[in-house]
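Q: need the 3D shape of this:
(chains A, B, C and D)
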Number of protein chains: 2
Amino acid sequence: MTSQPTDILESLLTSTHRLTRIAAQETGRTTSPAVWRTLSILTTDGDLRVGDLARASRVSQPTMTKLVRGLAEDELVKRIADTDDSRAWLIAITPKGTAALTEWRGQLADSLGDLFADLDDDDWAVLDRATSLLASRFSSRTDVRADTEAVFA
Amino acid sequence: MTSQPTDILESLLTSTHRLTRIAAQETGRTTSPAVWRTLSILTTDGDLRVGDLARASRVSQPTMTKLVRGLAEDELVKRIADTDDSRAWLIAITPKGTAALTEWRGQLADSLGDLFADLDDDDWAVLDRATSLLASRFSSRTDVRADTEAVFA
DNA sequence: CCAAGCTATATAGCTTGGCTATACACTAGT
DNA sequence: ACTAGTGTATAGCCAAGCTATATAGCTTGG
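A: Residues are numbered from 1 along each chain as shown, chains lettered A, B, ... in the order given. Purely as a prediction, here's the structure:
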């Protein structure tokens, strides 16, 4: 019996959050999901305004403002003045930010390696496909939210 | 071309956290990942002591104590005195807790339904297998290889 | 061309989940 | 019985999330 979508989604979210906790403990890193979610979005989508970044990451604008402030202090992102609209900023990931994301990716593999040691190539292929399926949910779509006019600049 | 495990894991975690944020916004629910992660563990593993629950959920013991207090106030779990060790408590999910988890599962399906509308049966099978693979990482007692039996039956 | 309103970001203040350090209460070993 | 060990709770901190609101800059109608 194949599981119902509702069960699959719940199990997927729950399991992944447990994985996240394991990664946090094993790496001893304090870097939060919010940080690498943000960096990851900037990497795949390119420079974004604070508001668009908030929508992409699905958090409120004040939350993203706060996150960006922290990231900018750590020099993982930089703010670029928007010449067309001086109220706005373009947020761009810095080389240091890219390096941090890459490093975290490696630590993930190291810390979760043992847990996945028994997976064969076929299992990895399944995870790969599933991950692609999930990632494709977010790519270049008329994002449910009505406005989003200028995501690509 | 298959991605490297390190990329797969990073993308998996990031995508799922974005899904989590979408679910939070669409359902308008304030219930946090920590809550349903805890309820989900209690459902699959049965009654657990606070310490064991903390280990299963991969948070510190004080964090779990705090979570359990909140859950108990909402009557989603109850504390059962451990007759063998009067320092300890067994934490059990209540019918109300089970109902809440079930309801959340349904809301997940509702709120994420549109996003996954274009998936065919094959795609869902992939997600199902991947989810089983992930879930099997945590079945601490019945060791590895739980995935092979768990997918289809 | 300027007041009124709309929009982009920032600030304030709150809640909760996460942590470490430590206290307290009970169990167990010698 | 004393000491060491273990299970839970408390205290106090920080970060990530929220809503409500302020500030600053665009835009537009009269």
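
Q: neighbours of A:Ser11, just the number please.
A: Counted with other Cβ atoms under 10 Å in any protein chain shown, the neighbours of A:Ser11 add up to 20. (Glycine included, C-beta is placed from N, CA and C.)

Q: just the pLDDT at it, thanks.
A: pLDDT recorded at A:Ser11 is 93.

Q: isn't it up against B:Ala135?
A: Yes. Taking contacts as Cβ atoms under 8 Å, A:Ser11 lies within contact range of B:Ala135: 5.6 Å.

Q: separation between the residue nearest the centre of chain A and B:Thr14?
A: Most central residue of chain A, judged by C-alpha distance to the mean C-alpha position with Cα atoms, centre = their mean, is A:Arg37 at 2.4 Å. From A:Arg37 across to B:Thr14, the span is 6 Å (Cβ to Cβ, to the nearest Å).

Q: kindly report the same for A:Met64.
A: For A:Met64, the distance to B:Thr14 under the criterion Cβ to Cβ works out to 16 Å.

Q: likewise A:Ala130?
A: Taken as Cβ to Cβ, the spacing of A:Ala130 relative to B:Thr14 amounts to 14 Å.

Q: looking at these two, which is more packed in?
A: Regarding A:Ala130 and B:Thr14, a neighbour count based on other Cβ under 10 Å identifies B:Thr14 as having more, with 27 against 23.

Q: list the contacts of the more buried one.
A: A:Trp36, A:Arg37, A:Ser40 (Cβ atoms under 8 Å, 6 or more residues apart in numbering or on different chains).

Q: between the residues you listed, which is closest to DNA strand D?
A: Using Cβ to the nearest atom of the strand, A:Arg37 is the member of the contacts of B:Thr14 that sits closest to DNA strand D, with 7.1 Å.

Q: what about the closest residue to that closest one other than its chain neighbours, neighbour count?
A: Leaving out its chain neighbours, the residue that sits closest to A:Arg37 by Cβ to Cβ, 6 or more residues apart in numbering or on different chains is B:His17, at 5.1 Å. By the other Cβ under 10 Å criterion, the neighbourhood of B:His17 contains 23 residues.

Q: quick one, strands of chain A?
A: Read by DSSP state E, chain A holds these strands, from start to end of the chain: A:48-49, A:77-81, A:89-93.

Q: do stretch A:61-71 and chain B meet at all?
A: No. Using Cβ under 8 Å from any Cβ of the partner chain, stretch A:61-71 stays clear of chain B, coming no nearer than 10.1 Å.

Q: mind listing what A:Arg29 touches?
A: Listed by Cβ under 8 Å, 6+ apart, the contact partners of A:Arg29 are A:Ala23, A:Trp104, A:Gln107.

Q: quick one, phi/psi of it?
A: Dihedral pair for A:Arg29: phi -90, psi 140, per degrees, to the nearest 10.

Q: where in chain A is pLDDT low?
A: Applying pLDDT under 70 to chain A picks out residues A:1-4, A:140-153.

Q: tell me which parts of it are close to DNA strand D?
A: For chain A, the contact set with DNA strand D under Cβ under 7 Å from any atom of the strand comprises A:30, A:32-35, A:58-60, A:62-63, A:66-67, A:70, A:85-87.

Q: pull out the buried members of those.
A: Buried by 16 or more other Cβ atoms under 10 Å in any protein chain shown: A:Pro33, A:Ala34, A:Val35, A:Arg58, A:Val59, A:Leu67, out of the residues of chain A next to DNA strand D.

Q: surely the fifth one meets B:Ile22?
A: Translated: A:Val59. No. Using Cβ under 8 Å, A:Val59 and B:Ile22 do not qualify as a contacting pair, with a distance of 10.7 Å.

Q: relative to helix B:5-27, how tilted is the biggest helix by length in chain A?
A: In terms of residue count, the longest helix belonging to chain A (DSSP state H) is helix A:5-27. Between helix A:5-27 and helix B:5-27, the angle comes out at 130 degrees (axes from the mean of the first three to the mean of the last three Cα atoms, to 10 degrees).

Q: ok, is helix A:5-27 in contact with DNA strand C or not?
A: Yes. Using Cβ under 7 Å from any atom of the strand, we find that helix A:5-27 touches DNA strand C at A:Arg21, A:Ala24, A:Gln25.
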